[in-house]
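Undergrad: mind looking at a prediction? Sequence and model below.
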Amino acid sequence: MAKLAKKVPLVMLLLETSNKINRDRIKGILRYERLYGPWRLHIVEGKRFEQPVCDVESLGVCGILSGTTLTEFLPTVMQCSVPTVFFDAQEPSQEASHSKLMKYSTVTCDNHSVGRFGAGYFQKKGFHNFAYVHDIWSSPWSKGREEGFCEQLTKGEETCSVYRVSSKTVRNDWSKEQKELAEWLKALPKPVAILAASDARGRRILDTCEWADICVPEDVVVLGIDNDELICSSTNPPMSSILRDTEGCGYRAAELLGHLMRGQSRKKETVLYGPIEVVERLSTESLQFSDWLAVKAVEFIRINSGIGMGVADVVRRLGVSRRLVEMRFRQATGHSIHDEIQNARLTLVCRLLRETNLHIGEITEQCGFMSDSYLGLVFRQTHQMSMSQYRRKSRNDK
């Protein structure tokens, strides 16, 4: 029979909220608490001006949910007798403090599954060249993702190139590593599909491709892990990413802790969670043609869709005759350069309607259309509704 609580339990969360993964975990914890609480939550982030917690039990803490990155707090947690569940405590580590975590219940990522998921995604898109980029430490979780990625590729008799930071000197200096990474990227057979150990590493890959004049996604496609919107939306181009079930991870950890606090369970449990889906953005968009003129034209149009650009600007950028460009572009894509420019502009129009309060006149000018009435006509022909109707619908759908 479950223990009856005399007062609302105080649960301590040892999680850095600046981390997107931990924010997702907290969402899952709150979802469980709403259903099976109430709990009082005390969040410890390890921030500079935060008061340290030296005696957990004197605070009346009934349970602890903890990550493993706030290492200064781990001895305090492990010395108390409060029910505790860790995130990612089963990761192998040489550190003594981490090895002691193995006795606790844990909810941890199935990193092999994440790697296999990324490989399967690329295989379905028809790629034949693959690569994996580790985090700068080649951490155990990163190695797990590499192993899963390569295992899945081996099933299809395909191989994978792997990038690791070569030395401590390179690890401690991004300007040095970027040169090393650029040389590795240039040497890969193209087109190549790259899985990054994390979104942060994916951003480094995309930055390096831009710096080294390597075309994305024409020559290199990049897939991150964790779907951190702040990172993925700020790269050029925006980065696709594997969304892991980190919110579900928080829920399951809270569930394990709830059972421990109520005396419904005493044994150590290990719960694995994995990937949910790939959130696709432009970094993995595969063009269905190989003509280099068409590829370069599409890239130029995408970069300049928010500027008043015409066919003549595209031709000038490519440095060949207009007749040749237009002929090869239509053969490769099935439509004209003008149509491609128009589609890019309309995509931007839709984004501005959804995400801003700009007046129609401002949108018309920003997207390079001749007049409000012409844009209105083109928009209605394409979307079967007016721009005002589209804006209202997109906001009602949120």
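TA: Good, I have the coordinates.

Undergrad: and Pro217, how far is that from Val295?
TA: Here the criterion is Cβ to Cβ, to the nearest Å. By it, Pro217 lies 10 Å from Val295. All C-beta spots, glycine's among them, are computed from the backbone N, C-alpha and C.

Undergrad: residue ranges with poor pLDDT in this protein?
TA: Residues of the chain meeting the criterion pLDDT under 70: 1-5, 90-99, 287-290, 398.

Undergrad: the domain parsing of it - what is it?
TA: Taking automatic domain parsing as the criterion, the chain consists of the domains 10-108+246-275, 111-243+279-284, 292-396.

Undergrad: turn the ones you listed into TSV, columns for mean neighbour count.
TA: Rendered in TSV, the data for the domains of the chain read as follows (neighbours: other Cβ atoms under 10 Å):
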stretch	mean neighbour count
domain 10-108+246-275	17
domain 111-243+279-284	19
domain 292-396	16
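
Undergrad: residue nearest the centroid of the chain?
TA: Asn227 (2.2 Å; Cα atoms, centre = their mean).

Undergrad: can you pull the contacts of it?
TA: Asp199, Ser241, Ile242, Leu243, Arg244, Val279 (Cβ atoms under 8 Å, 6 or more residues apart in numbering).

Undergrad: quick check: beta-bridge partners of the third one?
TA: With beta bridges defined as DSSP bridges, Ile242 has these partners: Ile225, Val278.

Undergrad: tell me the SS of Leu272?
TA: strand (DSSP: H, G, I helix; E, B strand; the rest coil).

Undergrad: for the contacts of Asn227, which one is nearest Asp339?
TA: Nearest to Asp339 among those: Val279, at 27.9 Å, using Cβ to Cβ.

Undergrad: okay but the closest one is in contact with Arg244, surely?
TA: No: judged on Cβ atoms under 8 Å, Val279 makes no contact with Arg244 at a distance of 11.0 Å.

Undergrad: how about Gly258: what's its closest non-neighbour residue?
TA: Tyr36 (5.8 Å; Cβ to Cβ, 6 or more residues apart in numbering).

Undergrad: ok, that neighbour to Gly250 distance?
TA: 13 Å.

Undergrad: same thing with Ala89?
TA: For Ala89, the distance to Gly250 - Cβ to Cβ - is 15 Å.

Undergrad: do the same with Tyr374
TA: Tyr374 is 50 Å from Gly250, by Cβ to Cβ.

Undergrad: again, but for Glu229
TA: 18 Å.

Undergrad: now Gly263
TA: Separation of Gly263 from Gly250 (Cβ to Cβ) stands at 22 Å.

Undergrad: could you give the separation of the helix or strand harbouring Ala254 from the chain centroid?
TA: If you go by DSSP states H and E, Ala254 is part of helix 246-261. Computed by Cα atoms, centre = their mean, to the nearest Å, the chain-centroid distance of helix 246-261 equals 23 Å.

Undergrad: what does that helix rub up against?
TA: 3, 9, 11, 21, 24-29, 31-33, 36, 62-65, 83-85, 87, 105, 107, 109, 226, 264-266, 269, 271, 273.

Undergrad: may I have stretch 200-216 as PDB, with CA atoms only?
TA: Taking Å, rounded to 0.1, in the frame of the first residue of the first chain, the C-alpha atoms of stretch 200-216 are listed here in PDB:
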ATOM      1  CA  ALA A 200      25.700  22.600 -31.500                       C
ATOM      2  CA  ARG A 201      28.100  20.400 -33.600                       C
ATOM      3  CA  GLY A 202      25.700  20.700 -36.500                       C
ATOM      4  CA  ARG A 203      26.000  24.400 -36.300                       C
ATOM      5  CA  ARG A 204      29.800  24.200 -36.400                       C
ATOM      6  CA  ILE A 205      29.600  22.000 -39.500                       C
ATOM      7  CA  LEU A 206      27.300  24.500 -41.300                       C
ATOM      8  CA  ASP A 207      29.500  27.400 -40.300                       C
ATOM      9  CA  THR A 208      32.500  25.600 -41.700                       C
ATOM     10  CA  CYS A 209      30.700  24.800 -45.000                       C
ATOM     11  CA  GLU A 210      29.900  28.400 -45.500                       C
ATOM     12  CA  TRP A 211      33.500  29.500 -44.600                       C
ATOM     13  CA  ALA A 212      35.000  26.900 -46.900                       C
ATOM     14  CA  ASP A 213      32.500  27.500 -49.800                       C
ATOM     15  CA  ILE A 214      30.900  24.100 -49.600                       C
ATOM     16  CA  CYS A 215      27.300  24.000 -50.800                       C
ATOM     17  CA  VAL A 216      24.600  23.000 -48.400                       C
END
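
Undergrad: distance from it to the middle of the chain?
TA: For stretch 200-216, the distance to the chain centre is 15 Å (Cα atoms, centre = their mean).

Undergrad: swap in stretch 301-320?
TA: For stretch 301-320, the distance to the chain centre is 31 Å (Cα atoms, centre = their mean).

Undergrad: how far does it stretch from start to finish?
TA: 16 Å (Cα to Cα, to the nearest Å).
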